[in-house]
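> here is a sequence together with a model predicted from it:
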Amino acid sequence: MISIYLITLIDVMKKLYFLLVGICFFGSVNAQIINIPDGNFKFWLLYADIYSSIAKDVNGNNIKIDLNSNDEIEASEALNVYELDLRNKEIINLNGISFFKNLKNLNCQENNIENLDVSELINLVELNCIYNKISSVFVTDLKKLKTLDLSQNQIKNISFQGLTNLESLSIANNQLTSLDIYGLTNLKSIICLNNKISSFQASGLSLLENIDISTNQISSLNLSELINLKSLNCRENKLTTIDFSKINSITALYCSGNLLTSLNVNNLIKLEYLFCNGNLLENLETKTLSHLSNLNCSSNSIKKLDLSNNILLNSLDCTYNLLTELNLNTCVELNNIYCGFNNLLEAVYIKNNVFTYNMGFAPNPSLKFICTSEGLISHYYRVIGSSLGSSPSCQINSYCSFTPGGTFYTIKGKSKLDTDNNGCTTNDAVYKKLKFKITDGTTTGNFISDSSGNYSIPIQAGIHTVTPIIENSNYFNISPNAVNVTFPSELSPYNQDFCVTPNGIHNDLEVTILPLIPARPGFDATYRIIYKNKGTTMQSGSVVLTFNDEVLDYVSATPIFDNQITNKLTWNYSDLRSFETREINFTLNVNSPMETPAVNNGDRLSFNALITPVAGDEKPVDNSFALRQSVVGSFDPNDKTCLEGDVITPELIGEYVHYLIRFENTGNYAAQNIVVKDLIDLSKFDISTLEPTKASHEFVTKISEGNKVEFIFESINLPFDDATNDGYIAFKIKTLPTLVTGDSFANEANIYFDYNFPILTNKATSTFKTLGTQDFQFLDYFSVYPNPVNDILNIGTKNTIELKSISIYDMLGQLVIAVPNAQNISKADVSKLSKGNYFLKMNTDKGTSSFKFIKQ
């Protein structure tokens, strides 16, 4: 019984087995297997699974293509694929790709494909086949295709017919001789660089934003319809002109390596990148390009480049041109500068307050001047100084302009003197050369305005306190006494006027003498007496000049003197108002070596000026002035002199000493700007007391960095002809009261003429020395009688000694009589001296020695 059931069950299982085998057989017969002859292509299709990114479905998920794992790709399986990534798979052909009807994205770059036909992939949106060997390609009528990249192949011809939705086309580095993109009305970007295309037509393609047709053979361009164009790269072609008059949307233009003789980009107001290097340009206008950040105009023949409006410029390469100067002062974002190989370049102005590392200035054999911000001078010397081997004399300073580099703000206004105590009005006199102290809490400096009463102080962002300062602060009140300004919170310029009002009754007069033309034997010398009312009350009196009549002859004076007594000239004055300054110019002729007494080089001349009234004057020390002048033969027209001489009586320790700095334009062109820079020795001078007294031309004074004084003659335009090429600046400064007898102090200055190297003046050295200091015992060699004396002082010699000159000083140290060439002198006429004590000083071959005598 059991065996009958077992036999029946076996029969049923056999029938079911054959039924299943039949079903599988007929199923396999009905499935369509795709013929894929390229083994590598088929291998990677079979390799695709959820762990690789070779194939993706409609949702972008990784998928396995060979779902039944029969090592074949069937048509039904191909329909599941929407993206294929076959990069770098050593594929030679893509036969069988046409079955992937739903494919949207195909990437087959970096293979060895020679022929490509994807014309049946009607759903294709993106095709990337770069870096193959494709010479034949069919992509027509793919109406959904938006991105096509066939770069780096061997394509000579291609049709884009029917690609009506194509937005991005790249077919660079092929062998195209022509390119027909007509009808691609949705095209936004085309890259076809490095082909052999001779013409480019883009009519009807108004949506184009990016064009790269570089390295072809194109000789003309019509861009008139490309109203949305943002980037154009047409470098390395044969273009002689480009017309941008109809478009203004371009932000990047690369047209280097063409045959352009002119380039008008004024209409491209949005331009940020301009590369026009390697053309035939002689001029380049960039004034309208306010957004320009990168400019390469190297290897042209450009003679002038105005970048004043390109404040956002970050990188500049203007090497290999014919520039004579380059102004980058307004380029406050500049980080890269290359301007070498401009053999005619003389000056670079880069006062923009930008700390720049990437820069090249060499070789420029004609380069004389680099102007930069004051705080960056040492940086430029350090970074580029050593590279200027072809121009080792290049000067670097900040004197191309007299405002800070980069962004700055201005405090300006007027200063007036309210002598009638009714408030400053338009009728009140201006207060000239008002000194201001400026501080931001960390850095402090001073600025002294010009003689117009107007001031303008450039400063940078921050909180600043500006305080006006007067020499005698107890004489006057100033309103306001200070002003606080915060930039950029405040509008610039910030206007603030100052009103100076007398504070009580103060009598204070001042007089000085300036030697304008040096004293030379046998020639005329000119001088200027400057007298000033520093007090609060109107004054009347006289100015008296005393000089050595024996060696100097009066020639002329303006105004003419009111009284003359041999060696004494007197000018009366009246109604000298508070802070009013007046002048007297006079000329004297110096004895020649042939006259008696003779005057020779190195002799000393003495002048004394006195202004009255002295009684009641609060500071009588400056009512008199003694000028000690050395006679010269030839002279340096750029020099510095301490007017009190090289030996000064100790009674003047802690008082003012006066300096004169002369300059002369010895070049062959007018000097536009001149700066006299003086570094004050703070161990010897009190810089807070420095006051300019007179100058030949209008100027302002800037004091910074603790001890740096700059007298700035902006737009002086000093001529170069000998009659009018001279100038000078005079100032006074107090020595420190801690100095002692025997201390010396010295001062020198640098004079800057435009962008030339500074001229260093001589060092003017003076010593506080008691007049009685002896190099030998006076009475061992000389006898003097009578003493006291009325008229004639007899001088005899006891031992062998060579007398060179005789000088007589009053007790203030002022030279009252000078006798140069005194070898044969045995008498001195002192009849004109006032009663009192005097020093007789003998200058000999053994040194100097003095003797005190009394005039009665």
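Looks like it arrived, so ask away.
> now stretch 370-383: average pLDDT?
Average pLDDT, stretch 370-383: 82.
> alpha carbons only: can I get stretch 421-439 in PDB?
Taking Å, rounded to 0.1, in the frame of the first residue of the first chain, the C-alpha atoms of stretch 421-439 are listed here in PDB:
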ATOM      1  CA  ASN A 421      36.600 141.000  22.600                       C
ATOM      2  CA  ASN A 422      33.200 140.800  21.000                       C
ATOM      3  CA  GLY A 423      33.500 137.300  19.500                       C
ATOM      4  CA  CYS A 424      35.200 136.300  16.300                       C
ATOM      5  CA  THR A 425      33.600 137.700  13.200                       C
ATOM      6  CA  THR A 426      34.400 138.000   9.500                       C
ATOM      7  CA  ASN A 427      36.000 141.400  10.300                       C
ATOM      8  CA  ASP A 428      38.600 140.000  12.700                       C
ATOM      9  CA  ALA A 429      42.100 139.300  11.700                       C
ATOM     10  CA  VAL A 430      43.200 135.700  11.000                       C
ATOM     11  CA  TYR A 431      45.400 134.000  13.500                       C
ATOM     12  CA  LYS A 432      48.400 132.700  11.400                       C
ATOM     13  CA  LYS A 433      50.300 129.500  12.000                       C
ATOM     14  CA  LEU A 434      48.200 128.200  14.800                       C
ATOM     15  CA  LYS A 435      49.700 125.000  16.300                       C
ATOM     16  CA  PHE A 436      47.500 122.000  17.000                       C
ATOM     17  CA  LYS A 437      48.100 118.900  19.100                       C
ATOM     18  CA  ILE A 438      46.400 115.800  17.700                       C
ATOM     19  CA  THR A 439      46.200 112.500  19.600                       C
END
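> distance between it and the chain's centre?
Distance of stretch 421-439 from the chain centroid (CA atoms, centre = their mean, to the nearest Å) equals 32 Å.
> what does stretch 365-380 rub up against?
329, 343-355, 361, 384, 388, 390-391, 393-401, 404-406, 704, 754-756 (CB atoms under 8 Å, 6 or more residues apart in numbering). For glycine as for every other residue, the C-beta is placed from the backbone atoms N, C-alpha and C.
> now the buried members of those residues.
Listed as buried from these are 329, 345-354, 361, 384, 388, 391, 394-401, 404-406, 754-755; burial here means 16 or more other CB atoms under 10 Å.
> strands - which of the residues you listed land there?
Secondary structure from DSSP state E places 347-350, 395-397 of those in strands.
> which two from those end up farthest apart in space?
Using CB to CB, the two most remote members of those are 350 and 395, lying 13.6 Å apart.
> strands of the stretch 601-750 of the chain, residue ranges please.
604-612, 624-630, 639-642, 647-648, 656-664, 674-679, 685-695, 700-704, 708-713, 726-735, 744-747, 749-753 (DSSP state E, counting those that start in this stretch).
> now residue 185. Nearest residue, chain neighbours left out?
residue 204 (6.2 Å; CB to CB, 6 or more residues apart in numbering).
> contacting residues for residue 319?
298-299, 338-342, 360.
> try it again at 6 Å.
By CB atoms under 6 Å, 6 or more residues apart in numbering, the contact list for residue 319 reads 298, 338, 340-341.
> domain-wise, how is the chain divided?
As given by automatic domain parsing, the domain ranges for the chain are 1-30, 215-279, 282-407, 425-502, 505-635, 640-769, 778-855.
> give me the buried positions along stretch 182-202.
By neighbour count on 16+ other CB under 10 Å, the buried set for stretch 182-202 is 184, 187-195, 197, 200, 202.
> adding pLDDT and distance to residue 624, write those out as CSV.
What follows is these, written out as CSV (pLDDT from 0 to 100; distance: CB to CB, whole Å):
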residue, pLDDT, distance to residue 624
184, 97, 96
187, 98, 92
188, 98, 88
189, 98, 87
190, 98, 89
191, 98, 87
192, 98, 90
193, 98, 86
194, 98, 88
195, 98, 92
197, 97, 91
200, 95, 89
202, 92, 89
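> and of those, the nearest to residue 709?
Closest approach to residue 709 among these (CB to CB): residue 193, at 60.3 Å.
> please identify the helix or strand for the closest one.
Assigned by DSSP states H and E, residue 193 belongs to neither a helix nor a strand.
> check contacts around it.
172, 212, 214-215.
> those in strands, which ones?
Those of the contacts of residue 193 mapping onto strands are residue 212, per DSSP E.
> so which of the contacts of residue 193 comes closest to residue 804?
residue 214 (84.9 Å).
> that closest one and residue 236 touch, don't they?
Yes - counting by CB atoms under 6 Å, residue 214 does reach residue 236; the two are 5.4 Å apart.
> higher neighbour count, those two?
residue 214 (23 against 20; other CB atoms under 10 Å).
> what about the nearest residue to residue 591 once chain neighbours are set aside, how many residues nearby?
Residue nearest to residue 591 in three dimensions, not counting chain neighbours: residue 599, with 4.2 Å by CB to CB, 6+ apart. Taking other CB under 10 Å as the criterion, the count of residues near residue 599 is 25.
> now swap in residue 120 and tell me
That count, for residue 120 with other CB under 10 Å as the rule, works out to 15.
> would you single out the least confident of the strands of the stretch 601-750 of the chain?
Per-stretch mean pLDDT for the strands of the stretch 601-750 of the chain is lowest at strand 647-648 (a mean of 90).
> so what are the sheet partners of that strand and their directions?
In the sheet, strand 647-648 lines up against strand 764-768 (parallel) (DSSP bridges).
> let's test this: mean pLDDT of the strand it pairs with, rounded?
94.
> so how far is that strand off the chain centroid?
Offset of strand 764-768 from its chain centre (CA atoms, centre = their mean): 37 Å.
> who touches it?
The contact list for strand 764-768 (CB under 6 Å, 6+ apart) reads 640-642, 646-648, 650, 653, 741, 743-744, 746-747.
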